[in-house]
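Student: need coordinates for the below:
(chains A and B)
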Amino acid sequence: MATLSANRLTLGYQRQAILRELSLDLPEGRISVLVGSNGCGKSTLLKALARLLTPWQGQVALDGQDIRQRPTKAVARTLSLLPQHPVAPEGISVRQLVGLGRHPHQSWLAQWSEDDERAVEQALLRTGLDDLSEQRVETLSGGQRQRAWIAMAVAQDTPLMLLDEPTSFLDLTHQMEVLELLVSLNRDAGKTIVMVLHDLNLACRYADHIVAIREGRVHAQGRPQAVITQGGSKRYSSSSVG
Amino acid sequence: MTRTLVALTVGAGLGVAGGIMQTLTRNPLASPGLLGVNAGALLVVVCLATLGSGLPGWLASGGAFAGAALAALAVWAIAMRPAAPSGPLRLILAGAALSALFHAFSQALLVIDQQGLDTMLFWLAGSVAARPLTQVWPLMLVTLAVLLACWFYLRQWNVLAAGEAVAVGAGISVRRLQLISVMCVVLLAGAAVAMAGNIVFIGLIVPHLARRLAGPDHRHWLPLAALLGAALLLVADVMSRTLIPPREVPIGVMTALLGAPVFMALVRRQGGRHG
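Tutor: Presented below is the predicted three-dimensional model:
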């Protein structure tokens, strides 16, 4: 199990602070969704949680320990990440892409093992890609491709998964397909999932815990109904554009 | 004999250096020259030639290697400011700008003083000819050592090829890997330019050929790129000597003559799949 939290996090780009002393505890074993209007800092927060960005002040704590103080490979065995709009190397097959997720479990002494093989096999099955595993990623449809990336994160076999807008550029059917997949990973495999979603309707439908970000701070958080019926709801209601 | 050895090491070094550059920048058109390596080497050689006539070979080689390293260092320093979200694009831009600057200096020097003109022509066209082994063996050793060291990073490059963010997520120290990659490229391409001058085309096309033949896994295609690079430069050298005897076609010209049609065929077959 693994807990992730932000403690008085301040950071931004150039001199512009995007997050201001933001503190947040993400509930273990749940699906948390970060929502908010464009430029509110939700993606920045996810990147900071995934150690892609270094905080100016404050820290991200993984199991109570500063994530920057731990070896990045050890962190990668606890926390996997699907960034926004990833681009697969040209010519790579689905199976090869999913296999990249095994990197943190390998070393010079222990290269490709049976555990790796099994994890990749399971990830392919769980994401429904077992029939497509030898296909090149660039020949897949948008929804299948996104499932392949999720499969890579699944193969990484971490209790925590972070996803930055995993449904953008997908049509509604595929959006729901991807989110259903994440729900099943949460329910069946007990994974803690933290993601950024643009669409508030989908966020309400699939989240256990919603974190509304506004101007670099946590504006409201809690169960979807509780958050949405609060005063700030109007500000988000128009944000369901893809 | 020495000549064959030089052709083989330079070819292997350039093939691998180009491959690493393409992975590092995620740009299929990248080549080692983008780090300013060739322009830096040329500038130092021209400077030395201008300062004194009769430039000894070891000084030219050493100077070229130092120039290559310094240029790459400058490009890296400009492109990779800490705490900024750096991208491979910055590396390419900084490399292109500094290369242009170095070339401008070189040309200005040649206009002022034509002493260096012969030297410059030699470096521009490239040559694996007539260097005593005593002059080139340190550079060969550097190339071999770096090629062996690359073996340790093949799997990490596989992950880096999927993007920086993905690589961080998979537990790779991306900054460190980028720095190591640049060092590999500088040493390989620097040694190559110091041994044989400007041979540009190999670093661009050989990695493409290797990927086409061996697939996207670095553990397969990067060793193949070394073999192909060595083979191509050897063939080019033989042809450069035999095409119009007793004259010798510069090997840089020969690699382009051989490589350009292959590359064009490749581009046509790919049909604009990049994007």
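Student: mean confidence score for the longest helix seen in chain A?
Tutor: Identified as the longest helix of chain A according to DSSP state H is helix A:172-189. The average pLDDT for helix A:172-189 rounds to 92.
Student: contacts for it?
Tutor: A:29-31, A:126-128, A:141-143, A:146-147, A:150, A:154, A:161, A:163, A:166-167, A:170, A:191-193, A:195, A:199, A:202, A:205-206 (C-beta atoms under 8 Å, 6 or more residues apart in numbering or on different chains). (Glycine included, C-beta is placed from N, CA and C.)
Student: neighbours around residue B:62, how many?
Tutor: When neighbours are counted by other C-beta atoms under 10 Å in any protein chain shown, residue B:62 registers 17.
Student: related to what we said a few turns ago, just the buried residues from the contacts of helix A:172-189, in ChimeraX please.
Tutor: Buried residues among the contacts of helix A:172-189 (16 or more other C-beta atoms under 10 Å in any protein chain shown), as a ChimeraX selection:
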select /A:31,126,127,143,146,147,150,154,161,163,166,167,170,191,192,193,195,199,202,206
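Student: filter the contacts of helix A:172-189 down to the ones in helices?
Tutor: Those of the contacts of helix A:172-189 lying in helices (DSSP H): A:126, A:142, A:143, A:146, A:147, A:150, A:154, A:202, A:205, A:206.
Student: turn these into TSV, columns for distance to residue A:64 and pLDDT.
Tutor: Formatted as TSV, the ones in helices among the contacts of helix A:172-189 follow (distance: C-beta to C-beta, whole Å; pLDDT from 0 to 100):
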residue	distance to residue A:64	pLDDT
A:126	30	91
A:142	39	88
A:143	37	89
A:146	32	93
A:147	33	93
A:150	28	94
A:154	26	94
A:202	32	92
A:205	32	93
A:206	28	94
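Student: just send those residues back as JSON lines, with distance to chain B too.
Tutor: Listed next are the ones in helices among the contacts of helix A:172-189 as JSON lines, based on distance: C-beta to the nearest C-beta, whole Å:
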{"residue": "A:126", "distance to chain B": "19"}
{"residue": "A:142", "distance to chain B": "15"}
{"residue": "A:143", "distance to chain B": "19"}
{"residue": "A:146", "distance to chain B": "13"}
{"residue": "A:147", "distance to chain B": "16"}
{"residue": "A:150", "distance to chain B": "12"}
{"residue": "A:154", "distance to chain B": "13"}
{"residue": "A:202", "distance to chain B": "23"}
{"residue": "A:205", "distance to chain B": "26"}
{"residue": "A:206", "distance to chain B": "22"}
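Student: centre of the chain to stretch B:89-101, how far?
Tutor: 15 Å (C-alpha atoms, centre = their mean, to the nearest Å).
Student: any weak-confidence spans in the stretch 101-250 of chain B?
Tutor: Within the stretch 101-250 of chain B, the segments meeting pLDDT under 70 span B:115-116, B:118-120, B:130-131.
Student: now do the helices in it.
Tutor: B:117-125, B:133-150, B:154-160, B:164-169, B:174-196, B:201-214, B:218-242 (DSSP state H, counting those that start in this stretch).
Student: just checking the fifth one against chain A, any contact.
Tutor: No: under the criterion of C-beta under 8 Å from any C-beta of the partner chain, chain A is not reached by helix B:174-196; the shortest gap measures 8.8 Å.
Student: what parts of chain B come near chain A?
Tutor: So chain B meets chain A at B:26, B:28, B:83, B:85, B:152, B:155-156, B:158-159, B:161-163, B:165-166, B:168-173, B:211, B:215-217, B:273-274 (C-beta under 8 Å from any C-beta).
Student: so among those residues, which ones count as buried?
Tutor: By 16+ other C-beta under 10 Å, the residues of chain B next to chain A give B:26, B:155-156, B:158-159, B:161-163, B:165-166, B:168-172, B:211, B:215-217 as buried.
Student: indicate the residue of the stretch 101-250 of chain B located nearest to chain A.
Tutor: Taking C-beta to the nearest C-beta, chain A has its nearest neighbour within the stretch 101-250 of chain B at residue B:171, 2.7 Å off.
Student: still on that earlier bit, okay, the ones in helices among the contacts of helix A:172-189 in a markdown table with distance to residue B:124 next?
Tutor: As requested, those are exported to a markdown table (distance: C-beta to C-beta, whole Å):
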| residue | distance to residue B:124 |
| --- | --- |
| A:126 | 57 |
| A:142 | 48 |
| A:143 | 52 |
| A:146 | 49 |
| A:147 | 51 |
| A:150 | 51 |
| A:154 | 53 |
| A:202 | 59 |
| A:205 | 65 |
| A:206 | 62 |
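Student: which of those sits closest to residue A:105?
Tutor: residue A:154 (13.1 Å; C-beta to C-beta).
Student: nearest residue to the closest one other than its sequence neighbours?
Tutor: residue A:123 (4.0 Å; C-beta to C-beta, 6 or more residues apart in numbering or on different chains).
Student: how many neighbours does the residue of chain A found nearest chain B have?
Tutor: Closest approach between chain A and chain B, counting by C-beta to the nearest C-beta: residue A:76, at 2.7 Å. Other residues within reach of residue A:76 by the criterion other C-beta under 10 Å amount to 24.
Student: name the nearest residue to it, ignoring sequence neighbours.
Tutor: residue B:171 (2.7 Å).
Student: swap in residue B:178?
Tutor: That would be residue B:24: by C-beta to C-beta, 6+ apart, it lies 6.4 Å from residue B:178.
Student: how about the one you found, what does it touch?
Tutor: Counted by C-beta under 8 Å, 6+ apart, residue B:24 has contacts B:30, B:88, B:91, B:160, B:178, B:181, B:182, B:185.
Student: so it is in which element?
Tutor: Using DSSP states H and E, residue B:24 maps to helix B:2-25.
Student: what residues of that helix count as buried?
Tutor: For helix B:2-25, by 16+ other C-beta under 10 Å, it's B:2-3, B:5-25.
Student: roughly how far is that helix from the heart of the chain?
Tutor: 7 Å.
Student: in the next helix or strand after it, what's buried?
Tutor: Per DSSP H and E, the first helix or strand lying C-terminal to helix B:2-25 is helix B:37-51. Applying a neighbour-count criterion of 16+ other C-beta under 10 Å, one finds B:37-46, B:48-50 buried in helix B:37-51.
Student: list the helices and strands helix B:37-51 packs on?
Tutor: helix B:57-79, helix B:88-112, helix B:117-125, helix B:174-196 (3 or more C-beta pairs under 8 Å, 6 or more residues apart in numbering or on different chains; DSSP states H and E).
Student: low-scoring stretches of chain A, by residue?
Tutor: The low-confidence ranges in chain A, as defined by pLDDT under 70, are A:1, A:230-242.
Student: which residues in it form helices?
Tutor: A:42-49, A:72-75, A:94-100, A:114-126, A:142-155, A:172-189, A:200-206, A:224-228, A:233-236.
Student: of all those, which lies closest to residue A:132?
Tutor: That would be helix A:94-100 among the helices of chain A, by C-beta to C-beta, at 5.5 Å.
Student: other residues contacting that closest one?
Tutor: A:88, A:112, A:116, A:120, A:123-124, A:129, A:132-137, A:140, A:148-149, A:151-152, A:154-155, B:158-159, B:162, B:166, B:170, B:216-217.
Student: quick one: the helix holding residue B:24 to helix B:133-150, angle?
Tutor: 30 degrees (axes from the mean of the first three to the mean of the last three C-alpha atoms, to 10 degrees).
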